[in-house]
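1. this one's sequence-less:
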């Protein structure tokens, strides 16, 4: 397939994106910021007992908050019929943050998954590790690897920032409409690497480990076990609804860009599907606070309930083992 045919296939349109993406992004900004900032306040200032999972959740909330702060630029972009008016530098920063959040979120969800897997399947090993600096090292490692990868991508990758003449005026695209040369020179290696190590590997860990954990604790009839199951189901739902569709469509887009298949009809379908999955992947930052809610226990998210829980615990005298395990989960 020659470049000319690929260029023709690139002329796909999806008018629904001018409504779907701004609405979805706006909902994510409004409710996601409230949920993530509330989670940061609770986990940093209100949690009496710090667990390894707490560190991963704090990092996840930080990543979501940064992502949501950059999202208004994307809202304006799509409301303006995909005409970027903020310049090349802002295109590079906001575009990179949008896609980096996907892989940072998956990475920390994988850390939570491994932490829960070890705690459930190998509890004695977990008790030996939980008071060490293992969680700090894991958190620092994830931020270092994803930070270096993000910075490298931001400095070396093309922007997809192109000026095209459409409807009687110049339209500036941002992080789309890449040329075939840009795909061959840099985007294909980045896409393959991110799909393998940023999506396939961590998603595989989540989809394998969590069912094993759920099966093990489903036989335990306690409030703590039920809370743990809710966390597991929340992460599985976020992975399946938000991340897997995006990566599946991105893989198809990569196959078309590398000319594994050459059908323009398929390219048009992939283009529209990418718009839908971009909306779905942004919902991740809106759903993550549900995960935080299950992880903390419902008492901490309401002052009235916090007061009643405090009175109940004072009546008991000290934390019970169940309270300790609930905080750990």
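-> Sure thing, it's come through. Here the structure is a predicted model, which is why all the values come from computation and not from measurement.
2. any idea of the pLDDT on residue 302?
-> As predicted, residue 302 sits at a pLDDT of 47.
3. also residue 159?
-> Residue 159 is given a pLDDT of 63.
4. and if you look at the one 4 residues further on?
-> Turning to residue 163, the model gives it a pLDDT of 57.
5. kindly report the same for residue 25.
-> pLDDT at residue 25 comes out at 96.
6. that one contacts residue 283, correct?
-> No - counting by CB atoms under 8 Å, residue 25 does not reach residue 283; the two are 9.7 Å apart. Glycine gets a C-beta too; all of them are placed from N, C-alpha and C.
7. more neighbours, these two?
-> residue 25 (28 against 17; other CB atoms under 10 Å).
8. residue contacts, the more buried one?
-> By CB atoms under 8 Å, 6 or more residues apart in numbering, residue 25 lies in contact with 71, 72, 74, 75, 78, 279, 282.
9. same check, this time on residue 16
-> Residue 16 neighbours (CB under 8 Å, 6+ apart): 272, 275.
10. next, it: phi, psi?
-> Main-chain dihedrals, residue 16, degrees, to the nearest 10: phi -60, psi -20.
11. before we move on, what about residue 172?
-> Dihedral angles for residue 172 - degrees, to the nearest 10 - are phi -100, psi 110.
12. what kind of secondary structure is the closest residue to it other than its chain neighbours in?
-> In space, residue 172 comes closest to residue 84 once its chain neighbours are excluded; the distance is 4.5 Å by CB to CB, 6 or more residues apart in numbering. Assigned with DSSP: H, G, I helix; E, B strand; the rest coil, residue 84 falls in the coil class.
13. pLDDT wise, what is residue 84 at?
-> 89.
14. surely it meets residue 177?
-> No - at 11.0 Å, residue 84 does not count as touching residue 177 under the criterion of CB under 8 Å.
15. those two: who's more crowded?
-> Taking other CB under 10 Å, residue 84 and residue 177 do not tie; residue 84 has more neighbours (26 against 16).
16. confirm residue 14 sits in a helix?
-> No - going by three-state DSSP, the assignment for residue 14 is coil, not a helix.
17. how about the strands of this structure, start to end?
-> In the chain, the strands defined using DSSP state E lie at 162-166, 169-173.
18. what's residue 93 in contact with, if anything?
-> Residue 93 neighbours (CB under 8 Å, 6+ apart): 70, 154.
19. pLDDT at it, what is it?
-> 88.
20. again, but for residue 70
-> Reported pLDDT for residue 70: 92.
21. wait, it sits on residue 100?
-> No - using CB under 8 Å, residue 70 is not in contact with residue 100, being 10.0 Å away.
22. more neighbours, the two?
-> residue 100 (23 against 18).
23. could you measure from the more buried one over to residue 145?
-> 11 Å (CB to CB, to the nearest Å).
24. now do the contacts for the residue nearest to residue 239 when sequence neighbours are not counted.
-> Nearest non-adjacent residue to residue 239, counting by CB to CB, 6+ apart: residue 206, 5.3 Å away. Taking CB under 8 Å, 6+ apart as the contact definition, residue 206 lies against 106, 109, 110, 113, 235, 236, 239.
25. give me the number of residues near residue 40?
-> With other CB under 10 Å as criterion, residue 40 counts 17.
26. can you show me the helices along the stretch 101-250 of the chain?
-> Using DSSP state H, counting those that start in this stretch, the helices of the stretch 101-250 of the chain run over 123-129, 134-156, 180-182, 188-193, 201-217, 223-238, 244-257.
27. neighbours around residue 51, how many?
-> Neighbour tally, residue 51, other CB under 10 Å: 18.
28. likewise residue 215?
-> By the criterion of other CB under 10 Å, residue 215 has 10 neighbours.
29. my guess is residue 284 contacts residue 245. True?
-> No - the pair residue 284 and residue 245 fails to qualify as a contact (CB under 8 Å) at a distance of 11.4 Å.
30. which one of those two is surrounded by more residues?
-> Of the pair residue 284 and residue 245, residue 284 is the one with more neighbours under other CB under 10 Å, namely 24 against 16.
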